[in-house]
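>>> Please work out how this folds:
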Amino acid sequence: MLSLSKHTNRVFQQTVNEANCIYEKREAMNGHDDRYQHLTTKEEVTMEGFTRANLFELSSRTIHVTYSTTSILGGPILSYRDDALSRSFNGEEIDIQQTTLGEVVTVTLETIPDLRTVTFSLIVPVVTVMPQSSGTRIKVLGITATSPTTIAGPPPGPQQLYSAVYLRGTAQFIVS
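Residues are numbered from 1 along each chain as shown. Next up is the predicted model:
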């Protein structure tokens with residue numbers, strides 16, 4: 001669990017309280033007050049002083065992943081390295097799905113026709129951080145899925161085999 005200083009915790013709580021008050025005013029006005037027109041849900045209220053992390057540097061004993069939600073290329077980038085493979089991905093090579101678990105970020109590590117396809121997925125939670133900070137420590141789940149392929153169609157048995165690993169590292173906000 002993240003340990004905040006008393007001051008940071010107090011500022012955070014005050015910001016949450018202010019956001020909730022604004023949301024409640026918006027609800028009470030039933031949309032009749034233009035000052036609160038842009039607020040529709042509590043999730044849309046940005047807490048002053050905090051921002052959403054956009055850079056994740058993560059590793060386990062054998063896997064190292066760097067994932068950035070934005071880049072100067074105009075889209076996400078992800079680099080993956082393990083004992084046997086080192087790959088970089090950007091833009092449409094990265095499949096990003098919003099789920100109740102968080103953002104599931106998937107890349108295809110290997111495709112060997114008539115043998116297998118190997119993908120790696122990272123489950124990335126929403127992480128809020130202070131801008132210009134060194135970030136916050138996080139632990140996320142990484143899943144390698146191997147799908148057997150044959151020219152004759154799906155082989156008998158499971159169509160995906162999974163290997164899961166926890167990756168630890170930092171989440172931070174960088175200006176790109």
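
>>> what's across from Gly102 in the sheet?
Applying DSSP bridges to Gly102 gives these bridge partners: Thr99.

>>> Test my guess that it contacts Ile123.
Yes - under the criterion of CB atoms under 8 Å, Gly102 makes contact with Ile123 at 5.2 Å. The C-beta positions use only the backbone N, C-alpha and C, and glycine is treated the same way.

>>> what pLDDT does the spatially most central residue of the chain get?
For the chain, the residue nearest the mean C-alpha position is Val124 (3.0 Å; CA atoms, centre = their mean). As predicted, Val124 sits at a pLDDT of 97.

>>> In contact with the closest residue to Ser163 other than its chain neighbours, which residues?
Residue nearest to Ser163 in three dimensions, not counting chain neighbours: Thr144, with 4.5 Å by CB to CB, 6 or more residues apart in numbering. Contact analysis of Thr144 by CB atoms under 8 Å, 6 or more residues apart in numbering lists Leu109, Val118, Thr119, Phe120, Tyr162, Ser163, Ala164, Val165.

>>> now Pro125
Gly102, Glu103, Ile138, Val140.

>>> Show me the domain layout of this protein.
Structural domains annotated on the chain: 1-49, 50-172, as defined by automatic domain parsing.

>>> got the end-to-end distance for stretch 61-73?
End-to-end distance for stretch 61-73, by CA to CA, to the nearest Å: 30 Å.

>>> Please apply the same query to stretch 88-104.
17 Å.
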